[in-house]
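S.K.: turn this into a structure:
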Amino acid sequence: MVRGRLVVWSIGILLYCAGLSAWSGGVLAAQNKQTVQSGDVPTLHVYENTIQIPVLVLEADRERTVKPIAASRFWVNFNEGPWFHASHVRLEEDDPISLSILLDAGSAPGLMSKIDDAIANLAPLSLHAKDHVSIYALDCGLTRGANDIPADHLQLKDEADKVLEPWENRRKNKHGPPCRNPVHLWDAMGFISQQMHELRGRRVMLVVTDGNDEGSVNTWNGLRLYDQQSGIAVFGVIPLPKNYGSSSYLELGRDGAFQSLCELSGGIVVMSMETRLEQTLDRFMTMVRGRYIVEFPRPDNSSAGEYVMSVKIDKSSGLFIRAAGISVPVPDAAVLADPTTVPGNPSLTPEIGKRRVITKPD
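M.R.: Okay, the predicted model is just below:
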């Protein structure tokens, strides 16, 4: 278990970065080169040039869509350029997941008593052995238990209990010393995002919290950009308010920052009461497994920088669409100048528009 203060995390602008608008997602791609040489046998260079983005699609009431959506209905564009038809679309289903869970115990104590069972019961039906899980708890400090372990029912329960021990002990000792130099929500999430940056599988963060930050060094918008660049989709579970009958969807967090952070990274915030926490986490995993993996060629006219990518589904109205972001390398100038390189066809790739990205970290 790792405990202690967190250091300030920095935002590194990668070569080709994803920037998102309120209703859109980012980009993902990889460029690998494989070379085969044997005497006078010609050398074959293979460059993977496909962008692949997880896209969350729900009904207007934030529930999963009832019927599968045909691949022919998905379109993407960059910086408000021309719409480009997706090359291939499929459901995410059982793709390996790297899941990090943050339990903000101090801000959501009512959800903590049964959270260990709710997390454990995700395995083996919703989480499988090929999925990996990390578990953290936030109170005065940040405590880490499971660190990228295969999803196992008994081990998940044990690790959830372990990370909550400091909070449980402090809660029982009502006359103990107050927290000194506490770790706050954005800083804790930023530290976890750094730990997730190199993890394999589709990166997902689940945060159980009230959504309010009380004084982080880092900003939610800086964290939003880092998560977009790192391909981390953030989902939130917050306590159901007592006056739920008169509350609105926009009251998820005091200033709406947590909701914006989740949605701009490709996730969503849902509310839950303690008695329905297990069903809420099952619903969360259903959303993740039900995302659409949208594929298309890398734009031919791309260069280093940020781009706003939008996703639309034709013949539909009122759907809730959120796409994840990612960073990809720009084309290698040396490769493009190589006379043996087969030139691409710009007409077969998305065209980047002229809109400039203006949303920067605070």
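
S.K.: surely Ala137 touches Leu103?
M.R.: Yes. At 4.5 Å, Ala137 and Leu103 qualify as touching, with contact defined as C-beta atoms under 8 Å. Glycine gets a C-beta too; all of them are placed from N, C-alpha and C.

S.K.: what residues are shared contacts of those two?
M.R.: By C-beta atoms under 8 Å, 6 or more residues apart in numbering, Ala137 and Leu103 have these common neighbours: 163-164.

S.K.: give me the most central residue, this structure.
M.R.: Taking C-alpha atoms, centre = their mean, the centroid of the chain lies closest to Ala233, which sits 1.0 Å from it.

S.K.: what number of residues lie near the residue nearest to it when sequence neighbours are not counted?
M.R.: Excluding the flanking residues, the one nearest Ala233 by C-beta to C-beta, 6 or more residues apart in numbering is Gly266, at 3.9 Å. Residues lying near Gly266 (other C-beta atoms under 10 Å) number 30.

S.K.: quick one: Gly266 and Ile352, what's the gap?
M.R.: Counting by C-beta to C-beta, to the nearest Å, the gap from Gly266 to Ile352 is 20 Å.

S.K.: likewise for Met189?
M.R.: Applying C-beta to C-beta to Met189 and Ile352 gives a distance of 30 Å.

S.K.: show me the longest helix that occurs in this protein.
M.R.: Assignment by DSSP state H gives helix 153-172 as the longest helix of the chain.

S.K.: now the helices for the stretch 201-350 of the chain?
M.R.: Using DSSP state H, counting those that start in this stretch, the helices found in the stretch 201-350 of the chain span residues 220-230, 257-264, 277-289, 333-337.

S.K.: Serialize those to CSV and add fields for mean pLDDT and mean neighbour count.
M.R.: As requested, the helices of the stretch 201-350 of the chain are exported to CSV (pLDDT from 0 to 100; neighbours: other C-beta atoms under 10 Å):
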stretch, mean pLDDT, mean neighbour count
helix 220-230, 94, 24
helix 257-264, 95, 23
helix 277-289, 96, 19
helix 333-337, 71, 9
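
S.K.: list the buried residues of the strand or helix carrying Met189.
M.R.: Met189 is part of helix 185-196 when elements are defined by DSSP states H and E. Of the residues in helix 185-196, 185-193, 195-196 count as buried by neighbour count, 16 or more other C-beta atoms under 10 Å.

S.K.: nice, that's everything, thank you.
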